[in-house]
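Asks: Here is a sequence together with a model predicted from it:
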Amino acid sequence: MSLIQLNIKGISYSQSRTGAYALVLNEVDGKRTLPIVIGAFEAQSIAIALESDITPPRPLTHDLFVALSEIYSIKVKQVIIHKLIDGVFYSSLICERDKVEEIIDSRTSDAIAIAVRFDAPIYTYENILDKAGIELKADELLGASPLEEPEEEELIEEMFTELENLTTPYDKLSLKELQKQLDEAVENEDYELAASLRDEMDKRNKK
């Protein structure tokens with residue numbers, strides 16, 4: 001299955017979902033965008049890496065990874081977003097040391113934060129873009145003129161809605177079932193899924 005290269009278009013904040021950010025990736029030589037929900041820390045880390053004139057006073061976690069990699073001559077060659085399950089994207093870092101390649105499992109937000117620092121390309125597969133990609137017209141791409149800010153926010157909310165439609169219908173699960181899935185997500189270190197489950201449980205407990 002051939003790989004499709006993606007570029008980072010930007011990071012947007014959801015006006016209706018507290019603490020939710022969307023990392024928006026563009027298909028190279030195509031019109032589809034791939035929005036990925038990420039946490040505030042990862043959004044900040046990616047934004048800092050994209051701005052070459054911003055240097056944090058202390059290294060962030062992803063900066064530490066880069067420093068260790070450089071010391072031990074490890075190069076990140078590329079990132080592949082290879083799987084999508086219940087709205088959660090799974091990625092791999094393709095690394096090389098002494099001409100030996102290793103594949104490291106990673107959260108997508110972490111993988112992209114690291115890829116930016118290594119200037120490594122980001123790829124995905126056609127089936128993932130078919131399932132989660134949003135095709136926009138040329139004049140609807142985020143940040144493109146003559147798109148006005150209210151319309152851009154509307155597109156962002158549409159992206160969040162599309163992502164929510166890919167997730168498991170939590171409203172059909174009991175609190176006990178949600179807790180079981182949350183425990184399994186934490187055990188599997190799937191913290192993005194765990195955060196979604198926790199948010200659903202918190203929402204119900206406030207009712």
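Replies: Received it, and whenever you're ready, just let me know what you need.
Asks: could you point out where this structure is predicted with low confidence?
Replies: For the chain, the stretches flagged by pLDDT under 70 are 1, 14-20, 52-54, 136-171, 188-192, 207.
Asks: any idea how it splits into domains?
Replies: 3-164, 169-205 (automatic domain parsing).
Asks: can you give me the offset of the first one from its chain's centre?
Replies: In terms of C-alpha atoms, centre = their mean, to the nearest Å, the gap separating the centre of domain 3-164 from the centre of its chain is 5 Å.
Asks: Same check on the shortest one?
Replies: Centroid separation between domain 169-205 and its chain, computed with C-alpha atoms, centre = their mean, is 19 Å.
Asks: sorry, back to before: rebuild the domains of the chain as JSON lines, extending it with mean neighbour count.
Replies: Bear in mind the C-beta positions are built from the backbone N, C-alpha and C, glycine included. As requested, those are exported to JSON lines (neighbours: other C-beta atoms under 10 Å):
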{"stretch": "domain 3-164", "mean neighbour count": "16"}
{"stretch": "domain 169-205", "mean neighbour count": "14"}
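Asks: The helix or strand harbouring E101 - contacts with which helices or strands?
Replies: Assigned by DSSP states H and E, E101 belongs to strand 100-107. With contacts taken as 3 or more C-beta pairs under 8 Å, 6 or more residues apart in numbering; DSSP states H and E, strand 100-107 sits against strand 88-97.
Asks: helices or strands next to the strand it packs on in the packing?
Replies: Using 3+ C-beta pairs under 8 Å, 6+ apart, strand 88-97 sits against strand 75-85, strand 100-107, helix 108-118, helix 191-205.
Asks: That one pairs with which strands?
Replies: strand 75-85 (antiparallel), strand 100-107 (antiparallel) (DSSP bridges).
Asks: between the longest one and helix 108-118, how many degrees?
Replies: Right, the one you point to is strand 75-85. Angle of strand 75-85 versus helix 108-118, following axes from the mean of the first three to the mean of the last three C-alpha atoms, to 10 degrees, is 160 degrees.
Asks: Compute the inter-axis angle for the helix or strand hosting L23 and helix 108-118.
Replies: Element membership for L23 (DSSP H and E) is strand 21-27. Using the same axes, to 10 degrees, the direction of strand 21-27 lies 60 degrees away from that of helix 108-118.
Asks: Out of the strands paired with strand 88-97, which is closest to R204?
Replies: Proximity to R204 (C-beta to C-beta) singles out strand 75-85 among the strands paired with strand 88-97, at 23.1 Å.
Asks: Alpha carbons only: can I get the closest one in PDB?
Replies: The C-alpha trace of strand 75-85 is given here as PDB (Å, rounded to 0.1, in the frame of the first residue of the first chain):
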ATOM      1  CA  LYS A  75      18.000   9.700  13.200                       C
ATOM      2  CA  VAL A  76      14.200   9.900  12.700                       C
ATOM      3  CA  LYS A  77      13.700   9.300   9.000                       C
ATOM      4  CA  GLN A  78       9.900   9.600   8.800                       C
ATOM      5  CA  VAL A  79       6.600   9.300  10.600                       C
ATOM      6  CA  ILE A  80       3.800   7.100   9.400                       C
ATOM      7  CA  ILE A  81       0.200   7.400  10.600                       C
ATOM      8  CA  HIS A  82      -0.700   3.800  10.000                       C
ATOM      9  CA  LYS A  83      -4.000   3.100  11.800                       C
ATOM     10  CA  LEU A  84      -7.300   4.600  12.900                       C
ATOM     11  CA  ILE A  85      -9.500   2.900  15.400                       C
END
